[in-house]
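Visitor: what follows is a predicted structure for the sequence shown.
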Amino acid sequence: MEEDELEEIEEVAEITETLVLKYLKPLPLDDHNKKKRKLILANDDDDDEPGIPNGITFSESLVRFKDVKCFDDFKIQVDGLILDSEISKHLRKKYYALCVSQNKFLHENLVKGLNSKLAAGVISETINIADAIRAAKPSSALTDLESYARILKAFEELGMAVGFFQARIDKLLGLSCELQAVIESKRNELDAAEDEMRGLKAKLMGVEMLMEKLVGEIYGLKAKNKKLEVVFTDIADAPW
C-alpha cells in the first residue's frame, strides 16, 4: 500500500473517531461481560429498541428523492431508519436545499451499518461545512478550506455525496493561491525596492558628506584668498 493511501486511511480514521467522540457516548462496562466495551447511542429510555435512540423511527418504505416534492415530503432515511429527530428542523431545511441542488439524497450511499447517531452527525457536519464554505473569506480561506477538504474526504469515504463541495473548495483554493502568489510577488518587489532605497540613502549620505567637505574647503580657500588679495595688491601697486 502506498504511503499516500495510508495517510488517507489514517486521516479518515482520525476524523471518524472525532465524530464518534462528539456524537456517541461510551456505555459503562457490562457486569456480565466486562471484557467487552461498547459504544451506544445516548438513550435514557430502557424500553426502546436496543441501539435506537428516542425519536428515531423505522421507515415503512424506501423514500426515493424523485418522490420528494417539498420539504414536508423530505425524510432523512438511513438503513431503514428516519433520522429527522436527530437533526434540527433548521438544519434539515438547509440539508433539503443541498439535496435539491444535486437532485438526490447526499446520504443515500452511506456505508451500511453506520451508527444512526454517527450518520446524523455526518449529515449535520456536512451542512455546517456547506455554510462555512459559503462564508469563506480570502483572508483565512487557505487554512480553513484545506481543513474542510480533509473532513469532506473522510465523509466521502463513508459514502456521502460531497464531491460538489470539493469542486468549489478546489476553485476557491485556486483563487486563494493565485491571490497569495500575487501578494508574495508584490512583497518581493517591495523588499527589492526597500533594498534599493537603503542603497540610495547610503549613496546620498556619502554625497552629503562630500558636499560638506567641499563647502568647508571652499570657505578655507576664501579665507586664504583674502590674504592673497593683500599680497596681490601690494605686488600690483608696487612702484616700477
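Guide: Structure received.
Visitor: for Thr233, see how far away Lys227 is.
Guide: Per Cβ to Cβ, to the nearest Å, Lys227 is found 11 Å from Thr233. All C-beta atoms are positioned from the backbone trio N, CA, C, and that covers glycine.
Visitor: and for those two, which residues touch both?
Guide: None of the residues lies in contact with both Lys227 and Thr233 under the rule Cβ atoms under 8 Å, 6 or more residues apart in numbering.
Visitor: show me the contacts for Ile15.
Guide: Ile15 makes contact with 150-151, 154-155, according to Cβ under 8 Å, 6+ apart.
Visitor: count the residues that sit near Arg150.
Guide: Arg150 has 14 neighbouring residues, counting by other Cβ atoms under 10 Å.
Visitor: what separation is there between Val68 and Tyr148?
Guide: Between Val68 and Tyr148 the distance is 27 Å, computed by Cβ to Cβ.
Visitor: quick one, strands of the protein?
Guide: When assigned using DSSP state E, the strands of the chain occupy the ranges 25-26, 39-40, 57-58, 77-78, 81-82.
Visitor: for the ones you listed, which has the smallest mean pLDDT value?
Guide: For the strands of the chain, the bottom mean pLDDT is recorded on strand 39-40, which sits at a mean of 31.
Visitor: about what we covered before: any of the contacts of Ile15 buried? List them.
Guide: For those, burial is judged from neighbour counts taken by 16 or more other Cβ atoms under 10 Å, and it is met by 151, 154-155.
Visitor: show me those that map onto helices.
Guide: With helices identified by DSSP state H, the entries of the buried ones among the contacts of Ile15 that belong to them are 151, 154-155.
Visitor: which helix or strand in this protein has the lowest average pLDDT?
Guide: strand 39-40 (a mean of 31; mean pLDDT, DSSP states H and E).
Visitor: Lys117 contacts Glu86, correct?
Guide: Yes. Shown here, Lys117 and Glu86 form a contact pair, counting by Cβ atoms under 8 Å, at 6.3 Å.
Visitor: quick one: the helices in the protein, in order.
Guide: Ranges of helices within the chain are 3-23, 89-102, 116-134, 141-157, 163-237, based on DSSP H.
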